[in-house]
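J.: no sequence for this one, just the structure:
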Ligand code: GAP
């Protein structure tokens with residue numbers, strides 16, 4: 001699928017716009033247009049319904065170790081700064097970046113691909129190259145696919161070193177494609193690296209840490225003491241409210257708390273449409289369980305979340321569940337799996353993260369409580385001490401342990417965290433939905449069409465109601481159906497132009513059903529329903545439309 005075509009459709013039909021576009025845009029920020037807002041709401045609502053409100057806490061679901069409760073929260077974006085100290089974000093949430101002193105561009109260190117080229121000296125007219133026998137130069141590029149990287153490199157290498165041979169392949173031999181940190185780790189000095197848009201090697205600075213949290217000021221005085229941060233994840237709001245939820249509701253471990261909301265990260269290189277944005281939405285669950293069942297719960301959530309994407313239309317061949325290797329795991333994590341999708345903007349065979357499912361142990365609750373607890377009085381809630389004998393974290397001092405009254409046991413629950421990105425899921429559903437094919441027009445002639453084959457639950461508009469012509473009482477009959485449907489669904493009324501054109505307008509925005517009022521409607525009260533994907537048409541009674549659409553959307 002050609003990503004440019006999807007990006008252009010998103011703008012043309014009002015799914016996504018660049019933020020502040022009339023002022024030239026702001027990198028890493030996106031606005032959802034009239035159809036985009038519906039699509040993304042449907043993604044978030046499907047998630048909330050499937051994970052929270054639709055959850056049956058009385059039954060044990062397949063694969064689950066027991067029945068469990070689910071509930072929700074909606075926390076603030078700005079929280080007490082100490083939250084970020086204890087979560088580790090203040091000290092550890094950074095990326096390494098490198099600057100190019102020549103182009104003044106900044107790159108994420110781990111995202112610069114470095115390509116080692118062996119240059120055969122006798123093919124180069126550049127005296128600097130000819131001097132070195134044998135010569136190996138390291139080049140870098142940010143191009144998105146290895147093939148593009150290659151093409152770009154050949155072009156730049158040819159231009160810069162005025163290669164004698166007309167055939168660049170004779171002059172250069174591509175040796176390796178690696179990320180920059182691998183090369184630096186392997187001992188390649190940065191002085192040998194040509195930055196993506198630079199002309200000479202050695203313009204990249206050494207990697208420096210860059211905290212990804214957006215800083216702001218709370219209150220009128222505006223000193224450094226008033227500094228606060230926009231949350232980089234929704235999870236911490238859940239952890240710091242754990243006790244409030246336990247004390248105010250009747251949930252019992254095992255249970256999950258869900259939250260959907262904005263998160264902010266000052267990404268060094270936002271890119272790939274909405275995939276890596278600076279403002280985005282997360283859909284997170286923190287699932288609290290007994291430590292001895294946590295492995296089983298981890299497996300349950302990993303598999304359940306993977307299935308959710310399959311159920312909503314991402315195919316198995318482009319969706320993978322990837323368990324992290326031991327060296328990729330955070331120090332507190334027993335297991336983490338990423339759910340990844342083969343986004344079309346990635347090189348063939350590469351996958352991009354949609355969601356991480358992490359076993360976080362008791363790290364978060366412990367971090368938020370440690371610091372003031374008396375380690376002697378509660379042996380199972382020991383505070384981790386630093387070399388100076390003082391608690392390592394300055395936590396809230398509140399006891400965030402849980403008392404299981406049936407087992408008469410106190411413990412710090414372990415947490416399984418399925419953490420998804422609403423924007424990434426929306427983007428994946430859009431990418432998967434985009435198709436070009438042909439559909440017959442009203443005269444039966446095949447016409448090319450663009451169609452978004454979105455799952456009916458996700459489609460922004462569920463049905464379009466179309467009077468065949470604007471006369472003979474057809475508009476009135478169509479409007480009656482439209483109003484009956486509107487009570488339950490987002491539906492659209494369209495009486496403009498040839499019906500084939502109207503079908504194609506709806507296909508392009510993913511409307512799964514078109515209901516057409518025609519001459520027969522006026523005699524027998526039936527309408528045609530057209531299916532966007534199969535193009536099949538069938539007749540039903542006009543008053544059956546709401547039940548028919550409901551049945552088809554919910555797959556009953
Ligand atoms: N609480 C855990 C956590 O935040 P994460 O892997 O950093 O984990 C979870 O983020 C999900 O949030 C990712 O899988 C992705 O879908 C989404 N996400 C993270 N950074 C993002 C960004 N810059 N733009 C869009 N989505 C992002």
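T.: Ah, there it is. Predicted model, so just to flag it, every value in this text is computed and none were measured. Numbers count the residues shown, from 1 in each chain.
J.: can you name the residues bridging to residue 419?
T.: With DSSP bridges applied, residue 419 shows beta-bridge pairing to residue 284, residue 356.
J.: against residue 282, how distant is it?
T.: From residue 419 across to residue 282, the span is 6 Å (Cβ to Cβ, to the nearest Å). Bear in mind the C-beta positions are built from the backbone N, C-alpha and C, glycine included.
J.: just give the nearest non-adjacent residue to residue 214, would you?
T.: Counting by Cβ to Cβ, 6 or more residues apart in numbering, the nearest residue to residue 214 once its immediate chain neighbours are dropped is residue 230, at 4.3 Å.
J.: surely that neighbour and residue 212 touch.
T.: No: using Cβ atoms under 8 Å, residue 230 makes no contact with residue 212, being 10.5 Å away.
J.: and the residue nearest to residue 214, how close does it get to residue 80?
T.: 13 Å.
J.: try residue 431
T.: If you go by Cβ to Cβ, the gap between residue 431 and residue 80 works out to 39 Å.
J.: those two: which is more packed in?
T.: residue 431 (20 against 15; other Cβ atoms under 10 Å).
J.: next up, the contacts around the closest residue to that one other than its chain neighbours.
T.: Using Cβ to Cβ, 6+ apart and skipping the chain neighbours, the partner closest in space to residue 431 is residue 344 (5.4 Å). By Cβ atoms under 8 Å, 6 or more residues apart in numbering, the contact set of residue 344 is 1-3, 6, 431.
J.: mind doing that once more with 6 Å?
T.: 1, 3, 431 (Cβ atoms under 6 Å, 6 or more residues apart in numbering).
J.: which residues touch the residue of the stretch 301-450 of the chain found nearest the ligand?
T.: Taking Cβ to the nearest ligand atom, the ligand has its nearest neighbour within the stretch 301-450 of the chain at residue 421, 2.3 Å off. The contact partners of residue 421, by Cβ under 6 Å, 6+ apart, come to residue 282.
J.: any idea how far it lies from residue 224?
T.: Plainly put, residue 421 is 32 Å away from residue 224 if you go by Cβ to Cβ.
J.: now swap in residue 276 and tell me
T.: 30 Å.
J.: the two: who's more crowded?
T.: Higher neighbour count among residue 276 and residue 224: residue 276, with 20 against 7, using other Cβ under 10 Å.
J.: surely that one and residue 266 touch.
T.: No: taking Cβ atoms under 6 Å as the definition, residue 276 is not a contact partner of residue 266, at 11.6 Å.
J.: quick one: low-confidence parts of the stretch 301-450 of the chain?
T.: Along the stretch 301-450 of the chain, segments meeting pLDDT under 70 span 331-332, 371-393.
J.: what residues does it put near the ligand?
T.: Within the stretch 301-450 of the chain, the positions adjacent to the ligand are 353-356, 417, 419-421, 423-424 by Cβ under 6 Å from any ligand atom.
J.: which pair of those residues spans the longest distance?
T.: Maximum pairwise distance among those (Cβ to Cβ): 18.5 Å, between 417 and 423.
J.: OK, contacts around residue 345?
T.: Taking Cβ under 6 Å, 6+ apart as the criterion, residue 345 is in contact with 3, 272.
J.: tell me what residue 538 is bridged to.
T.: residue 529.
J.: what is the helix or strand in which residue 96 is found packed up against?
T.: Assigned by DSSP states H and E, residue 96 belongs to strand 94-99. Applying 3 or more Cβ pairs under 6 Å, 6 or more residues apart in numbering; DSSP states H and E, one finds that strand 94-99 contacts strand 106-108, strand 208-211.
J.: to the ligand, which of those strands lies closest?
T.: That would be strand 106-108 among those, by Cβ to the nearest ligand atom, at 11.3 Å.
J.: residues touching that closest one, excluding its own?
T.: By Cβ under 6 Å, 6+ apart, the residues outside strand 106-108 that reach it are 95, 97-99, 268-269.
J.: and stretch 181-193, average pLDDT?
T.: In this model, stretch 181-193 has an average pLDDT of 73.
J.: still on that earlier bit, surely the residue nearest to residue 431 forms part of a strand?
T.: No: looking at residue 344 with DSSP: H, G, I helix; E, B strand; the rest coil, it is coil, so not inside a strand.
J.: ranges for the strands of the stretch 151-300 of the chain?
T.: 172-179, 193-194, 208-211, 215-217, 227-229, 255-264, 279-289 (DSSP state E, counting those that start in this stretch).
J.: mean neighbour count added to the ones you listed, as a markdown table?
T.: Putting the strands of the stretch 151-300 of the chain into a markdown table (neighbours: other Cβ atoms under 10 Å) gives the following:
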| stretch | mean neighbour count |
| --- | --- |
| strand 172-179 | 16 |
| strand 193-194 | 24 |
| strand 208-211 | 14 |
| strand 215-217 | 13 |
| strand 227-229 | 18 |
| strand 255-264 | 21 |
| strand 279-289 | 24 |
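J.: least reliable of these going by mean pLDDT?
T.: Among those, strand 172-179 scores lowest, at a mean of 56.
J.: quick one: the host helix or strand of residue 545 to chain centroid distance?
T.: With secondary structure defined by DSSP H and E, residue 545 is part of helix 545-553. What separates the centre of helix 545-553 from the centre of its chain is 30 Å, taken as Cα atoms, centre = their mean, to the nearest Å.
J.: stretch 270-282 too?
T.: Averaging C-alpha positions (Cα atoms, centre = their mean) puts stretch 270-282 7 Å from its chain's average.
J.: what about the helices in the stretch 451-556 of the chain?
T.: Assigned by DSSP state H, counting those that start in this stretch, the stretch 451-556 of the chain shows helices spanning 474-486, 499-509, 519-524, 545-553.
J.: for those, give me JSON lines that also has distance to the ligand.
T.: Output for the helices of the stretch 451-556 of the chain, formatted as JSON lines (distance: least, Cβ to the nearest ligand atom, whole Å):
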{"stretch": "helix 474-486", "distance to the ligand": "33"}
{"stretch": "helix 499-509", "distance to the ligand": "23"}
{"stretch": "helix 519-524", "distance to the ligand": "46"}
{"stretch": "helix 545-553", "distance to the ligand": "26"}
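J.: how near is the residue nearest in space to the middle of the chain to residue 298?
T.: Residue closest to the average C-alpha location in the chain (Cα atoms, centre = their mean): residue 424, at 2.4 Å. From residue 424 over to residue 298 the distance is 22 Å, taken as Cβ to Cβ.
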